[in-house]
Every structure is written in structure tokens, then in C-alpha cells.
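*Asks:* Sharing a model prediction with you, sequence too.
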Amino acid sequence: MSQTEQETAKPKRHRWDKINDYRKRCGDCGMLADRRPHPYRRQWWTEWTLGEKSWNTLQGDKTPPCQSKDEDRQPQDEAAAQ
């Protein structure tokens with residue numbers, strides 16, 4: 001397996017910028033992460049939002065991979081070139 005294949009096999013990690021103690025935003029894709037106390041247990045739960053999509057640990061979701069804004073634009077640029 002070449003180096004580029006290994007890089008594409010691993011999901012890109014988020015680059016979190018702290019907003020306050022319970023909220024962070026990814027500098028690459030703009031995803032927002034909120035940590036809150038669980039309503040019935042002594043633990044924290046996290047909710048991630050990106051636009052209208054959301055994921056959270058209460059439903060068993062894992063952190064979604066980072067998709068930088070440049071990656072989102074590539075398919076549109078390729079379609080426009082053709």
C-alpha cells in the first residue's frame with residue numbers, strides 16, 4: 001500500500017478551536033461540537049452539528065470525519081470543467 005493510499009484510508013481529523021468550556025468548532029469544516037451533562041446519568045454527551053445534519057453520542061454515533069470546505073468544492077469544480 002502506497003503512502004497516498006494510507007492517507008486516504010484514514011479519515012481526516014478535526015482541528016478544534018475552543019469557543020467556550022462546552023463548545024468547539026472545527027477550523028477546517030466548520031463542524032460544531034457541544035458537550036452537555038447527560039439528563040439522567042452522571043456522564044457527558046456530545047452533539048455534533050454541521051449545517052442541518054447532527055449526530056450525538058446518545059444515539060451511539062461516533063465523531064464524523066472532517067471534510068474540509070475545499071474537499072466539498074472539488075466535485076463541483078470537476079463537473080464545471082467537463
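*Replies:* The structure has been received and is ready for your questions. Residues are numbered from 1 along each chain as shown.
*Asks:* So which residues of this structure form strands?
*Replies:* Counting by DSSP state E, the segments of the chain that form strands are 16-20, 23-26, 32-37, 44-50, 53-56.
*Asks:* Relative to the fourth one, what are the paired strands and their orientations?
*Replies:* It refers to strand 44-50. Strand 44-50 has the following strand partners under DSSP bridges: strand 32-37 (antiparallel), strand 53-56 (antiparallel).
*Asks:* and Cys66, which of those strands is closest to it?
*Replies:* Across the strands paired with strand 44-50, Cys66 has its closest neighbour in strand 32-37 (11.4 Å, CB to CB). Placement of C-beta: from N, CA and C, glycine included.
*Asks:* Report the buried residues of that closest one.
*Replies:* By neighbour count with 16 or more other CB atoms under 10 Å, strand 32-37 contains the buried residues Ala33.
*Asks:* that older thread, now render the strands paired with strand 44-50 as JSON lines, adding distance to Gln67 and mean pLDDT.
*Replies:* Listed next are the strands paired with strand 44-50 as JSON lines, based on distance: least, CB to CB, whole Å; pLDDT from 0 to 100:
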{"stretch": "strand 32-37", "distance to Gln67": "14", "mean pLDDT": "93"}
{"stretch": "strand 53-56", "distance to Gln67": "11", "mean pLDDT": "91"}
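*Asks:* Quick one: these as JSON lines, columns for distance to Glu47 too.
*Replies:* Shown next, in JSON lines, are the strands paired with strand 44-50 (distance: least, CB to CB, whole Å):
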{"stretch": "strand 32-37", "distance to Glu47": "5"}
{"stretch": "strand 53-56", "distance to Glu47": "4"}
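*Asks:* His14 and Arg41, how far apart?
*Replies:* Note on His14: its distance to Arg41, by CB to CB, to the nearest Å, is 26 Å.
*Asks:* neighbour-wise, which of those two wins?
*Replies:* His14 (21 against 8; other CB atoms under 10 Å).
*Asks:* That one: what's it in contact with?
*Replies:* By CB atoms under 8 Å, 6 or more residues apart in numbering, the residues touching His14 are Cys26, Asp28, Cys29, Met31, Thr63, Cys66.
*Asks:* Need the buried ones from these selected in ChimeraX.
*Replies:* In ChimeraX, a selection of the buried entries from the contacts of His14 looks like this (16+ other CB under 10 Å):
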select :26,28,29,31,66
